[in-house]
Structure formats: structure tokens, C-alpha cells
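Sequence plus the predicted model coming up.
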Amino acid sequence: MNANSASVQRKAAVNFEDQILEQGDLISQKLHLLSMQRFPPNARKTLRSFSLAEVANYVGVSQSTLKKLHLDGKGPSPQTSTSGRRSYTADQMQELRAYLDQHGRSESRMYVPHRRRSEKLQVVAVVNFKGGSGKTTTAAHLSQYLALTGHRVLAVDLDPQASLSSLHGFQPELDQVSSIYDAIRYDAEKKTLSSIIQPTNFPGLDIVPANLDLQEYEYDTPLAMADRSTNEGKTFFTRISRALAEVDDRYDIVVIDCPPQLGYLTLTALTAATSVLITIHPQMLDVMSMGQFLLMLGGILKPIRSAGAEVNLSWYRYVITRYEPTDVPQAQMVGFMSTMFHEFMLKNQMLKSTAVSDAGITKQTLYEVERASMNRATYDRALESLNAVNAEIADLIHQSWGR
């Protein structure tokens, strides 16, 4: 190696961290500009109106019932286009629920499905050891669906990469929002969870955004465990459940988007969870990775349970994501998993769709984008798949309440 090439290698080694910091900052600044252009003047997301068919589906009534309410001057008044099409805002959907809850004739239907005092807060942890399994997409759409169907929901972004936060209009490195790390840290700078929670553009859905500070929990916990002057580290697995206890009466359901690694954050989330969704892309390498994840998870949870952690789940399910039914190897893998884990598999699969990825380009979910902005058949097929998966999960949650 000559002197010049050695010098170039040394310079590259020295400057690598500076270069990636500069490039990371450049990406953040460009995304912030895009956000400002799309959501001026305060760069916060708004939410579209929902068609009569959508509102009828989410509220749980017929379209004719909604039309009659409007004609009779009852409930909120929808926006009416020049062609006579009615639409409601998400806030108006909540008003409709409240009206129907008071005046609706069906005694068996709960138009406002909030949990009763005797019903426990449901905490759904969405996990996978491997990135790219659709974990954040699943958590985001589940949280929004539950809010659209009348539940009070708290989404917790536990992934330092903050994809769930970004989908809800937060860019932590620029917005300077706190993460749940501030509510579970071990020092005197600890905050209350209620001071960290942020509203989203979906009525009934709040979020605890993520930021890079979350990674500090992975380093702090071993140090706290080694500190003999306190038991805080030894009971690290209780920290999220203790933080959630402060806001227990404000929500029906908490959805936690776990990081794609089996660290202290994921373990703390799992011990706070009442149910677990394991996302899986039906390809051989992904299934092999999931097998290793399950072996590692089981091996770690056993000693934690013996240390006093309670892992008491009402249910857990595997959810197939990014599924292409016409892909023969994928269909075979789904059949293989169904044979092994039949009762632990969701009956519905989340289909792979360009509609979801197209919505993601503008940092939106399928529940946010306008149907007219993309191929309608593609949109309808993707939305039908999402709604079927989320309705099945909602049913499992309601069963946990004994409904």
C-alpha cells in the first residue's frame, strides 16, 4: 500500500462519522421542507373527510340510517357536494357515535365502545426481530382503525428510528419531542407520561413519539441492574407498565410499536402487554429468522419471569404481512405456518399493495389518503384487507373484555 492510498483510507475512516452526520441532517432538513410544504403553516397533519359508506362502516350503521338522520336534522350535519354526496369529518363521526349512543334503537350495539370500569386497559405489543416485516405499518393502521371505530387509543413508538412517529407528522430530531424514555429513565430527569403524550390528526388517537434517546435505555438498564443501592434496575421490566398506570383512565387500548431487536425496550414492552401481535412476511428467510426470535425470546423471558415479571397475555397472534396470494412459495409458506400454528394465526392476511407504499411516499397511511388519488381497485383491495385484519384484532380485544 503506497502512502497516498494509506492517507485516503485514514481520511475516510476519520471523516465517516462526520459524513453520515451531515447526510442524516440533510435528509432531516429536506423531509422537514416537504412537511412544511404539505402541512402549512404549522407543519401539522390534517385529516380528510370520510364518505358516507366509510362512516357507515366505521360507526356500524347503514347508509340509509345516516341519510335519514341528516334529512331529519339529527346529529351532525355532513358536508354535501354539488352532486349530493355526503361526507363527515372524523370529529363528526365521534359526534354521530355520541348521538346514536343516546338515541339509537339497538340495545345490543355499542356505538361508543369505551371500556367499562371493570374492563382492563388493553396493551397490544407489535413485535418482530427482523426489519421489513410490516411491523410499523401494522401498528399505525391498527391504531388508526381502532380510533376510527370509536376507541380511545394511545400509540407508543418504541423504535428509536421513529417511523410510527413520522407517519403521524412528527420528526423528532426537528420537532424536539420527548419519547417514553423520559418516563422510564432511571435518573432525576424522569417525567410523567402525560406530559409527553401528543395528539394526532385522528380524534381519539394520541401518540408517544420516539427519538434517538430511546437507545439510551439499552445502555442505562445494565448499569441500573448493577447498582446495588437500588432495586430499580432489577425490576426494569415494570417501567412501561408503571408509566402507563398514570394514564390508565384516559385510554381503552395502547398499541406499542416495538423496535426490531430483542433488547430491554422490547422486553419491558412485552411484560406490560396484555396481548402480542407477531408480524411475519411469508418467505423462508423471514420464517427462519422468526424461529430464532421465538427461541431467544422464550429463553430470555423464563429467567425474567422467575425474577418476578408477569407475562400474562390474553392472546397472541401471528399476522401475515405483505402477502401476495398469487406467489406460490408465499402461499405454501402460509399453509405451512397455518398447519403448525392454526389457532395462533389471524384468519385474515395483510396483502402487499402499492396503495400502502404509495401512501407512505407522502408520509400517510391508507386511512388518510383520498381514494381518488390512486387506482381505485388497488385502493379498495388494500383497504378491505387492512379492515379485515384490524376488525379481527378488535374482536380479540373485545373478547378480552368479555364482550
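Now that the structure is in, tell me what you want to look at.

ok so Ala391 is a helix residue?
Yes - under DSSP: H, G, I helix; E, B strand; the rest coil, Ala391 sits within a helix.

Would you agree Asp220 is in contact with Ile184?
No - applying Cβ atoms under 8 Å, one finds Asp220 not in contact with Ile184, separated by 9.3 Å. For every residue, glycine as well, the C-beta is placed using N, CA and C.

For those two, work out which one has more neighbours and name it.
Neighbours per residue, other Cβ atoms under 10 Å: of Asp220 and Ile184, the larger number sits with Ile184, 24 against 19.

Quick check: chain neighbours aside, which residue is closest to that one?
Leaving aside its sequence neighbours, Ile184 sits nearest to Arg239 (Cβ to Cβ, 6 or more residues apart in numbering; 4.0 Å).

Now do the SS call for that neighbour.
Secondary structure state of Arg239, per three-state DSSP, is helix.

Repeat that for Ser77.
For Ser77, the secondary-structure state derived from three-state DSSP is coil.

Next: Tyr316.
Of the three states, Tyr316 takes strand under three-state DSSP.

For it, report the pLDDT, please.
At Tyr316, the pLDDT value in this model is 89.

Would you mind pointing out the helix or strand the closest residue to it other than its chain neighbours falls in?
Of all residues not flanking Tyr316 in the chain, Val276 sits nearest, at 4.0 Å (Cβ to Cβ, 6+ apart). With elements delineated by DSSP states H and E, Val276 resides in strand 275-280, which encompasses its position.

got the CA positions of that strand in CSV?
C-alpha atoms of strand 275-280 as CSV (Å, rounded to 0.1, in the frame of the first residue of the first chain):
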residue,chain,number,x,y,z
SER,A,275,-51.6,-9.2,24.0
VAL,A,276,-48.9,-9.6,21.3
LEU,A,277,-49.0,-9.4,17.5
ILE,A,278,-46.0,-11.0,15.8
THR,A,279,-45.8,-9.8,12.2
ILE,A,280,-44.3,-12.2,9.7
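
Neighbouring strands - and their directions - for it?
In its sheet, strand 275-280 lies beside strand 122-127 (parallel), strand 315-320 (parallel), with partners assigned from DSSP bridges.

Please work out which of those is packed deepest.
Across these, averaging neighbours per residue (mean count of other Cβ atoms under 10 Å) puts strand 122-127 on top, at a mean of 26.

now the following helix or strand past that strand and strand 275-280, what's the angle there?
Once the chain leaves strand 122-127, the next helix or strand it forms, by DSSP H and E, is helix 135-148. Direction vectors for helix 135-148 and strand 275-280, defined by axes from the mean of the first three to the mean of the last three Cα atoms, to 10 degrees, enclose an angle of 140 degrees.

helix or strand right after helix 135-148?
Beyond helix 135-148 on the C-terminal side, the first helix or strand identified by DSSP H and E is strand 153-157.

by contact count, what packs against that next one?
Applying 3 or more Cβ pairs under 8 Å, 6 or more residues apart in numbering; DSSP states H and E, one finds that strand 153-157 contacts helix 135-148, helix 163-167, strand 205-208, strand 253-257.

residues making contact with it?
139-140, 143, 146-147, 163-165, 168, 179-180, 197, 200, 204-210, 240, 247, 250-257, 269 (Cβ atoms under 8 Å, 6 or more residues apart in numbering).

Taking helix 135-148 as reference, get the angle to that strand.
An angle of 160 degrees separates the directions of strand 153-157 and helix 135-148 when computed by the same axes, to 10 degrees.

strands paired with strand 153-157, and their directions?
Using DSSP bridges, strand 153-157 pairs in its sheet with strand 205-208 (parallel), strand 253-257 (parallel).

average pLDDT across the longest one?
When the per-residue pLDDT values of strand 253-257 are averaged, the result is 98.

for the following helix or strand past it, packing partners?
In the C-terminal direction, the helix or strand that comes right after strand 253-257 (DSSP H and E) is helix 264-272. Using 3+ Cβ pairs under 8 Å, 6+ apart as the contact criterion, the elements in contact with helix 264-272 are strand 122-127, helix 216-226, helix 239-245, helix 284-306.

Any of the contacts of strand 153-157 buried? List them.
Members of the contacts of strand 153-157 that pass the buried threshold by neighbour count (16 or more other Cβ atoms under 10 Å) are listed as 139-140, 143, 146-147, 163-165, 168, 179-180, 197, 200, 204-210, 240, 247, 251-257, 269.

and Ser35, what pLDDT?
pLDDT, read off for Ser35, is 55.

Next, the angle from the strand holding Val276 to helix 264-272.
Regarding strand 275-280 and helix 264-272, their directions subtend 130 degrees when assessed with the same axes, to 10 degrees.

From the chain's centroid, how far away is strand 275-280?
The chain centre lies 12 Å from the centre of strand 275-280; the measure is Cα atoms, centre = their mean, to the nearest Å.

Same list (the strands paired with strand 153-157) but as JSON lines, adding distance to Ile320.
Rendered in JSON lines, the data for the strands paired with strand 153-157 read as follows (distance: least, Cβ to Cβ, whole Å):
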{"stretch": "strand 205-208", "distance to Ile320": "25"}
{"stretch": "strand 253-257", "distance to Ile320": "18"}
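
and of those, who's closest to Gly60?
strand 253-257 (17.2 Å; Cβ to Cβ).

How is the protein partitioned into domains?
When the chain is parsed with automatic domain parsing, its domains come out as 29-112, 122-400.

which one of the ones you listed has the lowest average pLDDT?
Ranked on mean pLDDT, the bottom entry among the domains of the chain is domain 29-112, at a mean of 83.

For burial, what's the neighbour tally of Tyr379?
Counted by other Cβ under 10 Å, the residues lying close to Tyr379 total 22.

tell me which residues in the helix or strand it falls within are buried?
When secondary structure is defined using DSSP H and E, the element that contains Tyr379 is helix 376-400. By neighbour count, with 16+ other Cβ under 10 Å as the criterion, the buried positions of helix 376-400 are 379, 382-383, 385-387, 389-390, 393-394, 396-398, 400.

shouldn't Ala53 be in contact with Gln63?
Yes - Ala53 lies in contact with Gln63 (Cβ under 8 Å); the separation is 6.2 Å.

more crowded one of these two?
Gln63 (14 against 11).

Show me which positions of stretch 316-336 end up buried.
Tyr316, Arg317, Tyr318, Val319, Ile320, Thr321, Arg322, Tyr323, Gln330, Met333, Val334.
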